[in-house]
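Asker: give me coordinates for this.
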Amino acid sequence: MQEKAAFLKGFIKGLSMDANSDCSKAIKEIVSCIADIAEEVDGLRERADYLVEEIFDIREALKLECDCECDDGCCCSVKCEKCGTENHFSHESIENCSCNCKCQNCGSDLNIDGCNCCDESCNHES
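Answerer: Residues are numbered from 1 along each chain as shown. From the prediction side, this is the model:
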């Protein structure tokens, strides 16, 4: 977007307009405002890309969600009764009682089949 804003600035400079006219001043201010907005949007895009990468890394490190999209049963999917979010947990995290047994969206308790943390007879606290 900054490239387009720079093009507009150059284009306006190339026009034969009276620099002192109200119309010319207004157009220059509008283009300047567009340039500021373009700079801000480009910065937000960079930050959003960075955050997407960070979220992916966190998911991968915590093994809370299945990003493999495979159908070979490597993950367990549990729907939250409170908010309806589909939560994905690796079987490894369930077996090691590291699944947290909480909805990844609203934080409600989940009952995950095969998880010792979710078994009422288990004294292990997650």
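
Asker: hey, let's count contacts and neighbours off CA atoms from now on
Answerer: Fine.

Asker: distance of the closest residue to residue 25 other than its chain neighbours relative to residue 109?
Answerer: Leaving aside its chain neighbours, residue 25 sits nearest to residue 19 (6.9 Å; criterion: Cα to Cα, 6 or more residues apart in numbering). To residue 109, residue 19 is 67 Å away according to Cα to Cα, to the nearest Å.

Asker: what do you get for residue 88?
Answerer: From residue 88 to residue 109 the distance is 14 Å (Cα to Cα).

Asker: more crowded one of the two?
Answerer: Using other Cα atoms under 10 Å as the criterion, residue 88 and residue 109 rank with residue 88 on top: 19 against 15.

Asker: doesn't the more buried one fall inside a strand?
Answerer: Yes: assessed with DSSP: H, G, I helix; E, B strand; the rest coil, residue 88 lies in a strand.

Asker: please renumber so the chain begins at 4
Answerer: OK, 4 is where the count begins now, so the last one is residue 91.

Asker: mind listing the residues bridging to it?
Answerer: Beta-bridge pairing for residue 91 (DSSP bridges): residue 80.

Asker: tell me what the helix ranked longest in the chain is packed against?
Answerer: Longest helix in the chain by number of residues (criterion: DSSP state H): helix 25-65. Applying 3 or more Cα pairs under 8 Å, 6 or more residues apart in numbering; DSSP states H and E, one finds that helix 25-65 contacts helix 5-17.
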